[in-house]
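Sequence and predicted model, in that order:
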Amino acid sequence: MKQRRSTNEERIAKDYEKGLFKSIARSKAELKRFKEAARATFIKDRGEMRTLRLGLT
């Protein structure tokens, strides 16, 4: 059974189809911040997986 989209989702989908969304260029500072956040998340997740594998929960 397919769920009905919310009103907000419908509006966003229509605006997307009309081409109202545009890509924006990110600054080097923003990209650096995103990269650091992704790296920190990966390191944290990897540490949690290592803990689970070793049974140290």
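Yep, it's here. Numbers count the residues shown, from 1 in each chain.

Now do the helices in the protein.
Under the criterion DSSP state H, the chain contains helices at 7-17, 28-54.

Now render the ones you listed as TSV, adding mean neighbour count.
In this view, the C-beta of every residue, glycine as well, is placed from N, C-alpha and C. As requested, the helices of the chain are exported to TSV (neighbours: other CB atoms under 10 Å):
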stretch	mean neighbour count
helix 7-17	10
helix 28-54	10
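
possible to save those helices as a markdown table with mean pLDDT?
Below are the helices of the chain laid out as a markdown table (pLDDT from 0 to 100):
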| stretch | mean pLDDT |
| --- | --- |
| helix 7-17 | 91 |
| helix 28-54 | 78 |
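
Run through who's touching stretch 34-43.
Stretch 34-43 is contacted from outside by Arg26, using CB atoms under 8 Å, 6 or more residues apart in numbering.

mind redoing it with 6 Å?
Taking contacts as CB atoms under 6 Å, 6 or more residues apart in numbering, no residue outside stretch 34-43 touches it.

CA atoms only: put it into PDB for me.
Provided in PDB are the C-alpha atoms of stretch 34-43 (Å, rounded to 0.1, in the frame of the first residue of the first chain):
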ATOM      1  CA  PHE A  34      31.700  19.000   6.500                       C
ATOM      2  CA  LYS A  35      34.800  16.900   5.800                       C
ATOM      3  CA  GLU A  36      35.900  17.200   9.400                       C
ATOM      4  CA  ALA A  37      32.400  16.200  10.700                       C
ATOM      5  CA  ALA A  38      32.300  13.200   8.400                       C
ATOM      6  CA  ARG A  39      35.700  12.100   9.400                       C
ATOM      7  CA  ALA A  40      34.800  12.400  13.100                       C
ATOM      8  CA  THR A  41      31.600  10.400  12.600                       C
ATOM      9  CA  PHE A  42      33.500   7.700  10.700                       C
ATOM     10  CA  ILE A  43      36.100   7.400  13.500                       C
END
